[in-house]
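A.B. asks: sequence and computational prediction follow.
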Amino acid sequence: MSDASLEQSLKLLREEAGMVCHSASSHVIIVFGASGDLAKKKIYPTLWWLFRDKLLPSNTHFVGYSRSNLTVDNLRSNAMPYLNAKDSEWTQLDEFFKRNSYVQGSYDKPEDFIRLNKFIVDNFSACSNRLFYLATPPSQFISVATNLKAHCTAESDGLWNRLIVEKPFGKDLDSSEVLAKHLSSLFSEDQIYRIDHYLGKEMVQNVVVLRFANRVFSPLWNRDNIANVVVTFKENFGTEGRGGYFDEFGIIRDVMQNHLLQILCLIAMERPISMEANDIRDEKVKVLRCMRPLSLDDVVVGQYVADPENGKPGYLDDPTVPAGSITPTYAVAALYVDNERWQGVPFIVRAGKALNEKKCEVRIQFKDVIADILPSGAVHRNELVLRVQPNEAVYMKLMTKRPGMGFGAEETELDLTYNRRFTDLKLPDAYERLLLDVLVGSQINFVRTDELREAWRVFTPALHALESQRVAPHPYPYGVRNGPPQSDEFMRRLGFTFSGQYFYPHGGSGAGPVKQPSDRAADSKPPKVA
Ligand SMILES: NC(=O)C1=CN([C@@H]2O[C@H](COP(=O)(O)OP(=O)(O)OC[C@H]3O[C@@H](n4cnc5c(N)ncnc54)[C@H](OP(=O)(O)O)[C@@H]3O)[C@@H](O)[C@H]2O)C=CC1
Ligand SMILES: O=C1O[C@H](COP(=O)(O)O)[C@@H](O)[C@H](O)[C@H]1O
């Protein structure tokens, strides 16, 4: 045997013994918390869609892990209502579940992780890249990560281990620092993927392109032209049995400190040097570092109460919510980015459960024009709206001459509604994009440690003050438009102007009836002849 072929055989033998792997022969995705809500509603459906659409590496296997005594059939039936599998896809679905296995184990006993590791090596290969999805309660993150690192990672050169961590990443600056320090003592930053699923949404990803690929916006994107920016998250349902989790966190930690703040950063940041993950994240961190910590004067909180007319329960009627809870289910806050571009411009972030509609949008409200040649009140502010969901759209509200003989001004829009403009549109789910990002090793859409620290620095003082002073949230009935009445008043004080509802002929976001201007017919009359 020649030296070269001897070397080759030795290499193969060492690979087989798991001593060295020059490349991965398979990928294993391990879902911790496989019995949970997120796993059945999001993770398994996403894995299935990626498998169905042949977007995963060919030799990929899935291992569910949790404390419950389950089988793959149980995982399948739990996830079934969320898989959206067509009858014609049944054979493929069977193939997908054949790639699945389940290991029962604790989150804190080393021997269970040793057993999990043996399961992976015995059933797949020691030469597997490993993607660990931590979909457990946050209280388990540290022990899972510690045991993983000690007993379950692929240790050979040429293989990777990546860790997806679901929010909440802590409850405030200190607890988040403890978690961050612990994770970074075990895994390097490029192995940790902190998921914020809003970063996987089409319109959120579009912000960078809209801003930096359109010359038309650049000169306007600053304090000289923009009066305020409103980032809105609304849901038309309450906690509905999820009150146990929600009550510990509240709306600010649940969506504002993460999803809405991430959107704000993309709107406010400077042009990154490149589209590389760290260049974009550097710019987001700079925005956060320019932000003042949120003070209690700059926030209004609310909690929904029953609307007996519509038979809707209040937050405190949810049996999973502790009696007398003062956890906010609605909040509106003014954030300020103290830099040359944004000094003095309020970024109004608002989020609420049990409101009138489900929607997420960014509304950039421009300053008033000098409209002295047109009748007072006839000219409304321009607004650029990015509707994240539902029905993705970008529209610019602007004034035009009312068509016809008259010379009145009418508010109308330049409208890019995605499902009308892009035919056969199939937008991937946010989790699909993000899981693929992890598999290819792209961290563009994941939250870096310093970003997280800054986000908590901004919100922690107000969160602590709300809790230590036991600030009672203002009540608002289930189903109202904007939380408690104090919220509209707060937004008005910050300079947000609502000029009345305008005519949009195509039905809007699907959330309400088409609005008609009452004066449309009257205004289209020809002018009086002098
Ligand atoms: N491409 C498309 O699909 C387009 C759709 N449209 C649709 O047309 C409709 C109108 O659009 P638009 O003008 O952007 O939205 P609205 O006129 O509904 O609302 C504009 C802003 O004013 C706020 N607001 C609404 N009512 C009041 C009030 N009484 N007091 C204070 N603030 C208020 C809204 O808050 P809040 O969010 O709480 O309601 C929102 O921030 C919407 O349904 C929209 O989806 C318009 C253009 C394009
Ligand atoms: O992270 C969360 O997001 C969901 C809303 O997500 P969406 O993609 O449906 O808009 C929210 O319901 C949940 O409370 C929060 O934890």
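C.D. replies: Alright, I've got the coordinates. Numbering: from 1, shown residues only. Ligands and ions are numbered 1, 2, ... in the order given.

A.B. asks: I'd like to know how far W90 sits from D415.
C.D. replies: Remark: distance between W90 and D415 (C-beta to C-beta, to the nearest Å) = 41 Å. (C-beta placed from N, C-alpha, C; glycine too.)

A.B. asks: show me which of the two is the more surrounded one.
C.D. replies: In this view W90 and D415 are compared by other C-beta atoms under 10 Å, and D415 has more residues nearby, 16 against 10.

A.B. asks: thought the more buried one was touching K397?
C.D. replies: No. D415 lies out of contact with K397 (C-beta atoms under 8 Å); the separation is 9.6 Å.

A.B. asks: what's the overlap in contacts for those two?
C.D. replies: Here D415 and K397 have no joint contacts, going by C-beta atoms under 8 Å, 6 or more residues apart in numbering.

A.B. asks: ok, and the closest non-adjacent residue to the closest residue to ligand 2 within the chain?
C.D. replies: Minimum separation of the chain from ligand 2 (C-beta to the nearest ligand atom) falls at D254, amounting to 4.7 Å. Computed as C-beta to C-beta, 6 or more residues apart in numbering, the closest residue to D254 that is not its neighbour in sequence is F246, at 6.5 Å.

A.B. asks: which residues touch the residue nearest to V447 when sequence neighbours are not counted?
C.D. replies: Counting by C-beta to C-beta, 6+ apart, V447 lies nearest to R194, which is 4.2 Å off, once chain neighbours are set aside. For R194, the residues meeting the contact criterion (C-beta under 8 Å, 6+ apart) are 165, 167, 169, 446-448, 452.

A.B. asks: A331 contacts K353, correct?
C.D. replies: No. Using C-beta under 8 Å as the test, A331 is too far from K353 to be in contact (10.5 Å).

A.B. asks: is M396 in a helix, a strand, or coil?
C.D. replies: Using DSSP: H, G, I helix; E, B strand; the rest coil, the three-state assignment for M396 comes out as strand.

A.B. asks: report the contact partners of the closest residue to it other than its chain neighbours.
C.D. replies: In this structure, M396 finds its nearest non-sequential neighbour in L414, 4.4 Å apart by C-beta to C-beta, 6+ apart. Residues counted as contacts of L414 (C-beta under 8 Å, 6+ apart) are 395-396, 398.

A.B. asks: buried set for the helix ranked longest in the chain?
C.D. replies: For the chain, the helix with the greatest residue count under DSSP state H is helix 449-468. Judged by neighbour count (16 or more other C-beta atoms under 10 Å), helix 449-468 contains these buried residues: 449-463, 466.

A.B. asks: packing partners of it?
C.D. replies: Here helix 449-468 touches helix 173-186, helix 261-268, helix 277-289, strand 299-305, going by 3 or more C-beta pairs under 8 Å, 6 or more residues apart in numbering; DSSP states H and E.

A.B. asks: tilt between that helix and helix 173-186?
C.D. replies: 150 degrees (axes from the mean of the first three to the mean of the last three C-alpha atoms, to 10 degrees).

A.B. asks: now the residue sitting nearest the centre point of the chain: closest residue in space, sequence neighbours ignored.
C.D. replies: Centrality entry for the chain: nearest residue to the mean C-alpha point is Y198, 2.0 Å, by C-alpha atoms, centre = their mean. The shortest distance from Y198 to any non-neighbouring residue, by C-beta to C-beta, 6+ apart, is to H259 (3.9 Å).

A.B. asks: the one you found: what secondary structure?
C.D. replies: Following three-state DSSP, we place H259 in the helix state.

A.B. asks: residues in contact with it?
C.D. replies: H259 neighbours (C-beta under 8 Å, 6+ apart): 196-198, 233, 360.

A.B. asks: pull out the buried residues from these.
C.D. replies: 196-198, 233, 360.

A.B. asks: just the ones of those residues in strands?
C.D. replies: 233, 360 (DSSP state E).

A.B. asks: a markdown table for the buried ones among the contacts of H259, including pLDDT?
C.D. replies: Below are those laid out as a markdown table (pLDDT from 0 to 100):
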| residue | pLDDT |
| --- | --- |
| D196 | 97 |
| H197 | 97 |
| Y198 | 98 |
| F233 | 98 |
| C360 | 98 |
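
A.B. asks: can you redo the buried ones among the contacts of H259 as JSON lines with distance to ligand 2?
C.D. replies: Converted to JSON lines, these look like this (distance: C-beta to the nearest ligand atom, whole Å):
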{"residue": "D196", "distance to ligand 2": "8"}
{"residue": "H197", "distance to ligand 2": "6"}
{"residue": "Y198", "distance to ligand 2": "7"}
{"residue": "F233", "distance to ligand 2": "7"}
{"residue": "C360", "distance to ligand 2": "6"}
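
A.B. asks: can I get stretch 88-103 in PDB, CA atoms only?
C.D. replies: Taking Å, rounded to 0.1, in the frame of the first residue of the first chain, the C-alpha atoms of stretch 88-103 are listed here in PDB:
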ATOM      1  CA  SER A  88     -50.700  15.300  -2.200                       C
ATOM      2  CA  GLU A  89     -47.800  15.800   0.200                       C
ATOM      3  CA  TRP A  90     -48.600  12.900   2.500                       C
ATOM      4  CA  THR A  91     -45.800  10.600   1.300                       C
ATOM      5  CA  GLN A  92     -43.300  13.400   1.700                       C
ATOM      6  CA  LEU A  93     -44.600  14.100   5.200                       C
ATOM      7  CA  ASP A  94     -44.100  10.500   6.100                       C
ATOM      8  CA  GLU A  95     -40.500  10.800   4.900                       C
ATOM      9  CA  PHE A  96     -40.000  13.900   7.000                       C
ATOM     10  CA  PHE A  97     -41.200  12.100  10.100                       C
ATOM     11  CA  LYS A  98     -39.000   9.100   9.400                       C
ATOM     12  CA  ARG A  99     -36.100  11.500   9.700                       C
ATOM     13  CA  ASN A 100     -37.300  12.500  13.200                       C
ATOM     14  CA  SER A 101     -36.500  10.900  16.500                       C
ATOM     15  CA  TYR A 102     -37.200  11.700  20.100                       C
ATOM     16  CA  VAL A 103     -35.100  11.400  23.200                       C
END
